[in-house]
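J.: Need coordinates for the below:
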Amino acid sequence: MFDSTLLKDQVVLITGASRGIGRQVALSCAQLGAQVVVSARSEQGYNTVVNEIKAKGGQAYGVQLDVSSESSVQQAVNQVLEQFQRIDALVNCAGIIQYDTPVWQSSIKDWDQMMSINLRGTFLCCHAVAPHMVERAQGKIVNLASSSARMADDDLGPYTASKWAVAGYTTSLARSLRPHGVRVNGVNPGWVDTDMSRAYQAEGDSEWSTPQEIANSIIYLLALAPRDMTGQFLDIFGS
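T.: Predicted coordinates for the structure are as follows:
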C-alpha cells in the first residue's frame, strides 16, 4: 500500500506500543523504514514488539515509559534523544477505557486514572517532545482520541470526557506549534478489533476497524498529508 521507504530513517516514538493499535503502528512504521522507538510500561512489553520488528528486518529500540509519570516521560524522551539526537514524530497511542460507567456513577479514583493516562499522558509526552521539535523547526505529532470525542457515549462517561479533552488539547497545541514548523493532528477511531475491545465484546463485530486500518491513517498523517494540514482529526467510524 505504501512505498517501503516512506519513513526511511525517521525516528518515530510511539507510546502504548506493546499492544493493540500502538503495536500495529510500530510494526507498520518499521516496515516503511522508520527507526521505531517502542515504548511501554514494562520491559517485557516493549521487548516483545522490538524483537518482532527486528525479526522482520526492521529497526527498533525499546524504552520503558509510564505516560502518567512526568519523570518517566522525561527520562524516556532524554534516552531517545541521547540515542538518536532527534525525534521526528511522536504518536500517542497509550490509553485505557472503562466500560459501562455513566459519568455520574464514576468514582473519583476511576475518573482520576482515566484522566491521568488518556489526557495527562498525552499532554506530558507532547510537553516533553515539543520543545525539541520547535528547536529543529520541524516535527509531527499524532494523538489518538476516539469516536467518543465526536459523539458522547452514555455508558463511557470518564472515557468520553478524557477523549473530548484530548481532541481539544490537540487542536490548541496545533495552533500554538504551527508557527514553529510542527504539525499536530489526530485520529478518532471507532470500535477497533483489539484485546481491549474484545474484553467488552468477546465475539467482535464485522464492522470493527482493524488495527492495520488505524495504523494506515496514522501513516498518512505522518508522511502523506498536505503540508498545511494541522489541528485536524481523521474520523475512522461510521455516521
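J.: drop to CA atoms for contacts and neighbour counts, all remaining ones
T.: Fine.
J.: Can you name the residues that contact residue 68?
T.: 116, 117, 120, 121, 124 (CA atoms under 8 Å, 6 or more residues apart in numbering).
J.: does it count as helix, strand or coil?
T.: Following DSSP: H, G, I helix; E, B strand; the rest coil, the label given to residue 68 is coil.
J.: Next one: it, what pLDDT does it get?
T.: For residue 68, the model assigns a pLDDT of 97.
J.: for residue 200, same thing?
T.: Note for residue 200: predicted pLDDT of 73.
J.: Look at the nearest residue to residue 209 once chain neighbours are set aside and say how many residues are nearby.
T.: Excluding the flanking residues, the one nearest residue 209 by CA to CA, 6 or more residues apart in numbering is residue 192, at 4.7 Å. Neighbourhood size, residue 192 [other CA atoms under 10 Å]: 23.
J.: isn't residue 192 right up against residue 211?
T.: Yes: contact criterion CA atoms under 8 Å: residue 192 and residue 211 qualify, at 6.4 Å.
J.: Run through the neighbouring helices and strands of the host helix or strand of residue 49.
T.: Assigned by DSSP states H and E, residue 49 falls within helix 43-55. Packing contacts for helix 43-55, counted by 3 or more CA pairs under 8 Å, 6 or more residues apart in numbering; DSSP states H and E, involve helix 20-31, strand 35-40, strand 59-64.
J.: got these as a markdown table, with mean pLDDT columns?
T.: Below are the helices and strands packed on helix 43-55 laid out as a markdown table (pLDDT from 0 to 100):
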| stretch | mean pLDDT |
| --- | --- |
| helix 20-31 | 97 |
| strand 35-40 | 98 |
| strand 59-64 | 98 |
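J.: and residue 130, which of the ones you listed is closest to it?
T.: strand 35-40 (16.5 Å; CA to CA).
J.: hmm, back to that, and the residue nearest to residue 209, what does it touch?
T.: Listed by CA under 8 Å, 6+ apart, the contact set of residue 192 reads 208, 209, 210, 211.
J.: most neighbours, which of these?
T.: Neighbour max across the contacts of residue 192 (other CA under 10 Å) = residue 211, 20 neighbours.
J.: Quick check: closest non-adjacent residue to that residue.
T.: residue 21 (5.0 Å).
J.: Surely that neighbour touches residue 194?
T.: Yes: using CA under 8 Å, residue 21 is in contact with residue 194, at 7.4 Å.
J.: Give me the common contacts of those two.
T.: Counting by CA under 8 Å, 6+ apart, the contacts common to residue 21 and residue 194 are residue 211.
J.: the more surrounded of those two?
T.: A direct count of neighbours by other CA under 10 Å for residue 21 and residue 194 places residue 21 higher, at 25 against 16.
J.: circling back: can you tell which of the helices and strands packed on helix 43-55 is closest to residue 231?
T.: helix 20-31 (20.4 Å).
J.: what angle do the closest one and strand 35-40 make?
T.: Computed by axes from the mean of the first three to the mean of the last three CA atoms, to 10 degrees, the angle separating helix 20-31 from strand 35-40 equals 160 degrees.
J.: So what touches helix 20-31?
T.: Counting by CA under 8 Å, 6+ apart, residues outside helix 20-31 touching it are 4, 7, 12, 14-17, 35-38, 49, 53, 58-60, 93-94, 194-196, 211-212, 214-216, 218-219.
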